[in-house]
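Undergrad: Mind folding the following:
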Amino acid sequence: MNGDNSRSGTWVAVSLVLGVSMFLSVVVLAITFYRVRVRPDTLSVTGSTKQRITSDVAKWTASFTRQTTGRDLRAATVQMESDLEVVTAYLKGEGVTDEGLTVAPVSVEQQYETVRVGQEWQTRPGEYLLRQRITLETKDVPLATHVAQDITKLMEQGLVIWTEGLEYYYTELPDLRVELLKGAVQDARRRAQTAAENGGSRLGKMKSVSAGVIQVLPPLSTDVSGDGRYDTSTIEKDVMTTVHARFTLR
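TA: I've put the predicted structure just below:
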């Protein structure tokens, strides 16, 4: 009987030792895992930079039209040729050369009208609309702007003409992007340095860096997009980019 009690006590003691050992092992692993996970040995920051640029290419697009019946379609076509001569004469008088000037063919569109016949409304073919588009692409940005703004001179001569678009571009953007990325990385390092010092650490090496998209915005605009933006409405633009960098801490 005493032997059985002794063996039973021994097994209880062994079980307790094993249980405590396993518990301590779990605790040690948990503490180690926690320290590895929360150890502040890295710092992630975002850096950015922005530069004001001036567009070096302008694109002006305009259209003029004539409306006519099918019977007078031939005469309207001749009138369109005359209108084109008026438009090109105006442009050359303002200093525009044939280089960069594109004239699209005349397009003819069938118009429709809704009329009341008895008690019903019916849609039937109406007049034809003749349209011609002319595009000027030039490095003389002020010239394109002036032409677009002064188009009322052609309206005064009886032309139905309007500006479809006036766009401004910057052709050196790929080279500028490289410079902006350098500036954004420098800004990220400065931010990381400040954060590390405030936290009582020393900044180490950069572990990784990823570049954001380029944002080409109107001056003072904050209307950015995750896919990047390229505004063409203004001559002056703000070009900005960001980087996401990770540094070691010592």
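
Undergrad: For the rest of this, base every contact and every neighbour count on C-alpha atoms.
TA: Noted.

Undergrad: Doesn't G95 lie inside a helix?
TA: No. Applying DSSP: H, G, I helix; E, B strand; the rest coil, one finds G95 to be coil, outside a helix.

Undergrad: all numbers from here: first residue = 385
TA: Sounds good: first residue 385 from here, last item G479.

Undergrad: and it, what does it touch?
TA: L527 (Cα atoms under 8 Å, 6 or more residues apart in numbering).

Undergrad: cool, V429 as well?
TA: Counting by Cα under 8 Å, 6+ apart, V429 makes contact with A572, R575, A576, H628, A629, R630.

Undergrad: what do you get for T472?
TA: So T472 contacts nothing (Cα under 8 Å, 6+ apart).

Undergrad: Then it would be within a strand, right?
TA: No. Using three-state DSSP, the secondary structure at T472 is helix, not a strand.

Undergrad: and the next element down the chain from the lengthiest strand in the chain?
TA: Longest strand in the chain by number of residues (criterion: DSSP state E): strand 504-522. Once strand 504-522 ends, the next helix or strand along the chain (criterion: DSSP states H and E) is helix 525-533.

Undergrad: just checking, next helix/strand downstream of that following helix?
TA: In N-to-C order, the element after helix 525-533 by DSSP H and E is helix 536-539.

Undergrad: If we go by neighbour counts, what in that next one is buried?
TA: For helix 536-539, the neighbour count (16 or more other Cα atoms under 10 Å) marks L538 as buried.

Undergrad: how distant is that helix from the center of its chain?
TA: Centroid displacement of helix 536-539 relative to its chain, using Cα atoms, centre = their mean, to the nearest Å, is 35 Å.

Undergrad: Right, I'll call it a day here.
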